[in-house]
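Engineer: Return a 3D structure for these sequence lines:
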Amino acid sequence: MDRWQGKIAVVTGASSGIGAATAKALANAGMVVIGLARRIERVEALKADLEGSAKNRLHAAKCDVSKEEEILQTFRWIEKQFGGVDVLVNNAATFIKTKLVDTDNSEKLREIMNTNVMGLVFCTREAFQSMKARSVDGHIVHINSIAGHSTALPNMNMYCASKYAVTALTETLRQEFKQEGTKIKITSISPGAVNTEMISQAMRDSGVPLLEPVDIAEAILYAVGTPPRIQVHELTIKPVGEGR
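Structural biologist: Just a heads-up that it's a prediction; the model follows:
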């Protein structure tokens, strides 16, 4: 992580779970981190928990990534205040239980796609433009899911579709970054079940093996910390004993 000391990282969905663990890990590793979240007070609380100089390297920004205009405003603010983006972690995602054949489910389905897919696309676009304009060989990390590689997950219909889109977008973006003449890296990290707010209490109580958010944060540090010649394109992480 030496080459990222003092560089700017943006983490979406930084208020809890994987996003919070990642924001903390990157700040502790020496990066200046802007944590994007709708619940900005949680990012501020996370900052208060950091020790030493890391506390001064974490900044909170209110942003709902399902809304393009908020993304544009936030990235303009980051450009003005911090000079640009060097690393982006697209972590923000939502899961809403519904059936595709249910009536009156339109808003739920749109929210999943707007957050999990379009938000990721727009944040990536803005980060890429910032990197390219400054000739920075940055790194973009998508927090994907095993749901982006298998549909054998009950009641996760549109969530699976959104994560399959992330899998496809990762390769498409890799090719576009190359076509644009850059060496910007892109990584998809696909965890199994992680102990976050998305996991129901019933699932926790069932004894199903779960990863912890810090496990994914450490994987992000590994991927981002690889030498310039290496791109970790896809990384799948499952807890020992997971059934799928």
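
Engineer: pLDDT-wise, which helix or strand of this protein ranks last?
Structural biologist: Taking mean pLDDT, DSSP states H and E as the measure, the chain has helix 201-205 as its least confident helix or strand, at a mean of 61.

Engineer: In whichever helix or strand comes after that one, which residues are buried?
Structural biologist: Going down the chain from helix 201-205, the next helix or strand is helix 213-224, by DSSP states H and E. Along helix 213-224, these residues count as buried under the neighbour rule (16 or more other Cβ atoms under 10 Å): 213, 214, 215, 216, 217, 219, 220, 221, 223, 224. Just so you know, the C-beta spots here come from the backbone N, C-alpha and C atoms, and that holds for glycine as well.

Engineer: Spatially central residue in this structure, please.
Structural biologist: Nearest to the mean C-alpha position of the chain, counting by Cα atoms, centre = their mean, stands residue 91 at 1.9 Å.

Engineer: For it, which residues are in contact?
Structural biologist: Residues near residue 91 by Cβ atoms under 8 Å, 6 or more residues apart in numbering: 11, 12, 13, 14, 18, 19, 22, 143.

Engineer: which of those lies closest to residue 45?
Structural biologist: The closest of the contacts of residue 91 to residue 45 turns out to be residue 14 (Cβ to Cβ; 11.2 Å).

Engineer: Helix or strand: which one has the closest one?
Structural biologist: Residue 14 belongs to no helix or strand when assigned by DSSP H and E.

Engineer: Number the residues from 32 up from this point.
Structural biologist: Okay, residue one is now 32; in that scheme the one you just asked about reads as residue 45.

Engineer: Leaving out chain neighbours, which residue sits closest to it?
Structural biologist: The shortest distance from residue 45 to any non-neighbouring residue, by Cβ to Cβ, 6 or more residues apart in numbering, is to residue 66 (3.0 Å).

Engineer: How many neighbouring residues does that neighbour have?
Structural biologist: For residue 66, the count of nearby residues is 31 (other Cβ atoms under 10 Å).

Engineer: before we move on, what about the one 4 residues further on?
Structural biologist: For residue 70, the number of neighbouring residues by other Cβ under 10 Å comes to 14.

Engineer: that older thread, only whichever of the contacts of residue 122 are buried, select them in ChimeraX.
Structural biologist: Buried subset of the contacts of residue 122, written as a ChimeraX selection, criterion 16+ other Cβ under 10 Å:
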select :42,43,44,45,49,50,53,174
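
Engineer: ok, of the contacts of residue 122, which one's closest to residue 263?
Structural biologist: residue 174 (13.5 Å).

Engineer: I'd guessed residue 241 sits against residue 226; true?
Structural biologist: Yes - using Cβ atoms under 8 Å, residue 241 is in contact with residue 226, at 4.3 Å.

Engineer: The longest helix along the chain: which residues count as buried?
Structural biologist: Counting residues, the longest helix in the chain under DSSP state H turns out to be helix 188-210. Of all the residues in helix 188-210, those buried under the rule 16+ other Cβ under 10 Å are 188-198, 200-201, 204-205, 208.

Engineer: where's that helix relative to the chain centroid, distance-wise?
Structural biologist: 13 Å (Cα atoms, centre = their mean, to the nearest Å).

Engineer: helices or strands up against it?
Structural biologist: Secondary-structure packing of helix 188-210 (3 or more Cβ pairs under 8 Å, 6 or more residues apart in numbering; DSSP states H and E): helix 137-144, helix 150-164, strand 170-174, strand 216-222.

Engineer: List just the one of the ones you listed that sits closest to residue 80.
Structural biologist: strand 170-174 (21.4 Å).

Engineer: by contact count, what packs against that closest one?
Structural biologist: strand 118-121, helix 150-164, helix 188-210, strand 216-222, helix 244-255.

Engineer: Only the C-alpha atoms, please, for the first one, written as PDB.
Structural biologist: These are the backbone C-alpha positions of strand 118-121, laid out as PDB (Å, rounded to 0.1, in the frame of the first residue of the first chain):
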ATOM      1  CA  VAL A 118      -9.200   4.600  -5.700                       C
ATOM      2  CA  LEU A 119     -13.000   3.900  -5.800                       C
ATOM      3  CA  VAL A 120     -14.700   1.200  -3.900                       C
ATOM      4  CA  ASN A 121     -18.300   0.600  -5.200                       C
END
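
Engineer: This completes my enquiry, with thanks.
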